[in-house]
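Novice: Below are the sequence and a predicted model; questions follow.
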Amino acid sequence: MVKRIISSLVIILSVFLVKGAGTDELWTRANDAYASGAYGTAVNLYDSIVREEYVSHKLYYNIGNAYFKNGQTGKAVLYYNKALLQSPGDKDTAHNLELANSYVKDRIEVLPEFFLRKWIRSIQFGLSSNMWAVVSVVMFAVMLISVILFLLSGRIALRKSGFYIGIISAVMFIFSTVFSTRIRNGIENPGYAVIISSSASVKSSPDNNSKDLFILHEGTKVRVADRLGEWREITIADGNKGWINRNSIELID
């Protein structure tokens, strides 16, 4: 009991200290707080940076770690997912997300995914949106050079090389552009959320008096399909869906 009171006082004090502090200072103090085991204070300091609308994989990864150490599984899952949007191939984030998910109460059977779609998704999320954009630009440049080589070269071998390289680079340009756009749209128009309350009732309709279909717990990831006032229609991994109050979830954006 005494430890909880002291911890609460430290967090309240840090709120006042945060005001007027620069981002670099907040970052340093948050890292120091985490290193010293003051996870509640670290969460508060990292969150102050998030409220300034800073976006980075490292920030989301660190605040996810702080939330996890502070016993807030839902928020940890949320920020690990946010971090993976910024850096899809980061193994440390993927590992920590898997660890956090092991603490989630809900065990939902995932609907089987067609192997080809799963394979394409694994390639797509192997790079970030910005990296795929770079690949797209490079492939476009290679494609143009190959076309010029095909049209202007007097040697048959070079023309053949230009032709085949042009086709390959054109295909890679299309795929990299599509991957970059899809990942970017996923960031700007989030379709997924995480349950952040300890438990939440999923209703048959957007009404407090409607039937309870099932209960979800902190840390469960859901897909947001529709919205109506204070309610969000969500779908879980096994295909079941219903309506939940928006205060029980937070979007991965």
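Specialist: That came in fine, so what should we check first? Numbers count the residues shown, from 1 in each chain.
Novice: wait, what's in contact with the residue nearest to residue 211 when sequence neighbours are not counted?
Specialist: Excluding the flanking residues, the one nearest residue 211 by C-beta to C-beta, 6 or more residues apart in numbering is residue 204, at 4.3 Å. Backbone N, C-alpha and C define where each C-beta goes, glycine included. By C-beta atoms under 8 Å, 6 or more residues apart in numbering, the contact list for residue 204 reads 210-213, 242-243.
Novice: Now flag whichever of the residues you listed is closest to residue 250.
Specialist: Distance to residue 250, by C-beta to C-beta, is smallest for residue 243 among the contacts of residue 204, at 16.6 Å.
Novice: Who does the closest one form a beta bridge with?
Specialist: Here residue 243 sits in beta bridges with residue 203, residue 233, going by DSSP bridges.
Novice: In contact with it, which residues?
Specialist: 202-207, 210, 228, 231-234.
Novice: what about 6 Å?
Specialist: Contacts for residue 243 (C-beta atoms under 6 Å, 6 or more residues apart in numbering) come out as 203, 205-206, 231, 233.
Novice: re earlier: quick check: the residue nearest to residue 211 vs residue 210, distance?
Specialist: 5 Å (C-beta to C-beta, to the nearest Å).
Novice: do the same with residue 203
Specialist: For residue 203, the distance to residue 210 - C-beta to C-beta - is 4 Å.
Novice: who has more neighbours, the two?
Specialist: residue 203 (20 against 14; other C-beta atoms under 10 Å).
Novice: Quick one: residues contacting the more buried one.
Specialist: 210, 242-243.
Novice: redo that, cut-off 7 Å
Specialist: Applying C-beta atoms under 7 Å, 6 or more residues apart in numbering, one finds that residue 203 lies in contact with 210-213, 242-243.
Novice: would you list those residues in a markdown table and tack on pLDDT?
Specialist: A markdown table is the format used below for these (pLDDT from 0 to 100):
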| residue | pLDDT |
| --- | --- |
| 210 | 93 |
| 211 | 94 |
| 212 | 94 |
| 213 | 94 |
| 242 | 94 |
| 243 | 95 |
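Novice: if we can go back for a sec, now, which of the contacts of residue 243 sits nearest residue 157?
Specialist: Among the contacts of residue 243, and counting by C-beta to C-beta, the member closest to residue 157 is residue 233, at 59.5 Å.
Novice: tell me which residues of the longest helix anywhere in the chain are tucked away?
Specialist: When the chain is parsed with DSSP state H, its longest helix is helix 156-188. For helix 156-188, the neighbour count (16 or more other C-beta atoms under 10 Å) marks 162, 165-166, 169-170, 172-173, 175-177, 179-180, 183-184, 186 as buried.
Novice: pLDDT wise, what is residue 249 at?
Specialist: Here the pLDDT value assigned to residue 249 is 94.
Novice: That one and residue 193 touch, don't they?
Specialist: Yes. Using C-beta atoms under 7 Å, residue 249 is in contact with residue 193, at 4.1 Å.
Novice: what's the overlap in contacts for these two?
Specialist: residue 222.
Novice: Okay, helices next: where are they in the chain?
Specialist: 2-18, 23-35, 39-51, 57-69, 73-86, 91-101, 115-124, 129-152, 156-188.
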